[in-house]
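Colleague: take this sequence and fold it.
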Amino acid sequence: MGKWLMVLGASYDQIPMLETARSMGLQVVAVDKNPKAPGRAISDDFHPIDVMDSAAVLEAARSRDIAGITTMVSNLGMRTVAEVARELGLPAISPEAARRATDKTAIKAVLERAGVPVPGGAGCSTPEQARSVIENRGLPAVVKPADGTKGRGISLVDSQDRIGDAVAHAFRWSPGKRVIVEEQVQGPTVGAECLIVDNQLTPVLITDKFNTHPPWFVTLGLTTPSRLPEDVVRRVEETARAVARALELTMGAAHIDMIVQDGVPRVIDVGPRLASGPVIFDFAPRLMGVNMIEAVIRMALGERPVVEKRWNGRYGASRFLTAAAKGCMYTMKFPASPTCFSFYPYRELGYPVGPPRTDKDRLGCVALTGPTYEETSERADQLVEAIEVRVAS
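Modeller: Below is the predicted model:
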């Protein structure tokens with residue numbers, strides 16, 4: 001029998017890691033508070049536990065004498081990964097680094113001290129304080145939970161009458177009831193998808209990201225590699241390395257979002273883990289020859305993966321499918337298309353859906369590759385527009 005690997009989370013986003021682990025000959029124990037999580041069916045053992053309940057996760061880990069613990073996309077789950085790993089003497093970033101890298105207030109403070117460009121802003125522990133900061137800093141302003149994930153609770157305040165709703169929205173999605181008010185930085189958004197082996201960060205893919213219009217900030221798609229000028233891409237990569245050094249991310253993965261303003265990448269979000277979607281499980285291996293998921297698993301087991309990035313000259317584009325109206329999704333109709341593409345469902349028929357307010361509102365993802373940036377992006381846009389989602393209100 002193979003070694004046991006514990007994976008925190010068993011949602012659709014986590015399935016690629018569960019499948020990869022099993023393909024490596026490992027036995028997988030998955031943890032997710034949803035007893036009907038889709039990853040349960042492909043796990044060798046399953047525990048319906050909240051990934052933030054570190055004591056219960058530790059008990060489950062001991063019951064299987066696990067050889068490693070990790071997660072694909074659970075940002076706050078990385079705190080439990082680090083705590084359980086320390087208790088069991090397993091490889092992981094330190095609990096201090098995990099907590100720091102999943103707290104946007106701490107991230108901002110650490111990066112500012114290290115000279116890494118970030119939007120100006122301030123942390124707030126009460127709604128009154130947040131409203132005061134907005135009034136003093138002026139509009140427009142971005143309000144977001146200090147410990148939120150998946151785009152939950154983030155919105156733009158561009159008028160006085162939106163302040164109260166935006167602040168309440170951010171606090172509602174903050175587990176620790178803390179929010180950040182920061183300046184709006186304008187420019188193209190890029191994502192750096194990175195591996196960190198022996199304290200050395202390698203940017204595997206730099207992506208151009210496309211978001212919803214304000215006041216919400218939901219990623220609707222990306223194209224990679226980025227078409228930004230080479231010198232700007234180099235700055236993005238160097239900024240990613242500076243982030244890892246400042247936050248003491250010594251191993252694993254890093255998912256870092258930036259906005260490039262006047263050629264300067266400003267860090268707007270950090271995740272000490274892999275990103276979700278085909279950029280990791282499809283584009284990284286297909287375009288760059290790097291299996292990022294396998295690399296993260298090997299590090300969790302105490303092994304040293306070899307990361308050799310070689311771009312094959314092709315491009316990848318993914319676009320997320322969303323609903324235009326609120327209701328229950330009862331059918332999804334795909335067009336006849338000469339384009340070869342993959343579709344990854346995130347929601348089942350009958351699931352309540354609505355217009356995108358957070359990343360959790362995405363219904364599925366279309367992914368394809370092509371010979372040029374422009375052609376690949378255009379084909380992906382056309383394809384996702386042609387898919388018909390029917391909703392019963």
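Colleague: quick one: the strands in the stretch 201-350 of the chain?
Modeller: Along the stretch 201-350 of the chain, counting by DSSP state E, counting those that start in this stretch, strands occupy 219-224, 252-261, 264-271, 315-321, 327-333, 342-345.
Colleague: closest to F283 out of those strands?
Modeller: F283 lies closest, by CB to CB, to one member of the strands of the stretch 201-350 of the chain: strand 315-321, at 3.7 Å. Backbone N, C-alpha and C define where each C-beta goes, glycine included.
Colleague: any idea of the mean pLDDT for the closest one?
Modeller: Mean pLDDT, strand 315-321: 97.
Colleague: so what's the nearest residue to R362 once chain neighbours are set aside bridging to?
Modeller: Of all residues not flanking R362 in the chain, F320 sits nearest, at 4.2 Å (CB to CB, 6 or more residues apart in numbering). Under the criterion DSSP bridges, F320 forms beta bridges with C365.
Colleague: quick check: F320 vs E348, distance?
Modeller: From F320 across to E348, the span is 16 Å (CB to CB, to the nearest Å).
Colleague: count the neighbours of P229 for me.
Modeller: Residues within reach of P229, counting by other CB atoms under 10 Å, total 11.
Colleague: do you know how far it is from P188?
Modeller: Applying CB to CB, the value for P229 to P188 is 11 Å.
Colleague: same check, this time on K209
Modeller: Remark: distance between K209 and P188 (CB to CB) = 8 Å.
Colleague: V306 now?
Modeller: Taking CB to CB as the criterion, V306 is separated from P188 by 32 Å.
Colleague: quick check on those two: which one has the bigger neighbour count.
Modeller: Comparing V306 with P188 by neighbour count (other CB under 10 Å), the higher total belongs to P188, at 16 against 8.
Colleague: local confidence estimate at the spatially closest residue to that one that is not a sequence neighbour?
Modeller: Excluding its sequence neighbours, the residue lying closest to P188 (CB to CB, 6+ apart) is V260, at 5.3 Å. pLDDT, V260: 98.
Colleague: ok, V260 - contacts?
Modeller: V260 makes contact with G187, P188, T189, V190, L228, V232, V236, R266, according to CB atoms under 8 Å, 6 or more residues apart in numbering.
Colleague: and if you look at R298?
Modeller: R304, P305.
Colleague: before we move on, what about M299?
Modeller: By CB under 8 Å, 6+ apart, the residues touching M299 are P91, V197, M251, G252, P305.
Colleague: for the last one, what are phi and psi?
Modeller: Yep, that's P305 we're talking about. Per-residue torsions, P305: phi -70, psi 150 (degrees, to the nearest 10).
Colleague: same check, this time on the third one
Modeller: Dihedral angles of M251 (phi, psi; degrees, to the nearest 10) stand at phi -160, psi 170.
Colleague: what's the local residue count around it?
Modeller: Close neighbours of M251, defined as other CB under 10 Å, add up to 20.
Colleague: hey, where'd the helices end up in this protein?
Modeller: Using DSSP state H, the helices of the chain run over 15-23, 54-64, 77-88, 95-100, 104-113, 127-137, 163-172, 230-247, 278, 284-288, 292-300, 373-386.
Colleague: follow-up on the earlier one: now, of the contacts of M299, which are buried?
Modeller: For those, a burial check counting by 16 or more other CB atoms under 10 Å picks out P91, V197, M251, G252, P305.
Colleague: number of residues surrounding the nearest residue to M72 once chain neighbours are set aside?
Modeller: Leaving aside its sequence neighbours, M72 sits nearest to M17 (CB to CB, 6+ apart; 4.0 Å). By the criterion of other CB under 10 Å, M17 has 28 neighbours.
Colleague: try P265
Modeller: When counting by other CB under 10 Å, one arrives at 27 neighbours for P265.
Colleague: so who does it touch?
Modeller: With CB under 8 Å, 6+ apart, P265 has these contacts: P117, V190, V232, R235, V236, T239, M258, I259.
Colleague: next, format the strands of the stretch 201-350 of the chain as JSON lines and append distance to P127.
Modeller: Formatted as JSON lines, those follow (distance: least, CB to CB, whole Å):
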{"stretch": "strand 219-224", "distance to P127": "27"}
{"stretch": "strand 252-261", "distance to P127": "26"}
{"stretch": "strand 264-271", "distance to P127": "23"}
{"stretch": "strand 315-321", "distance to P127": "31"}
{"stretch": "strand 327-333", "distance to P127": "31"}
{"stretch": "strand 342-345", "distance to P127": "37"}
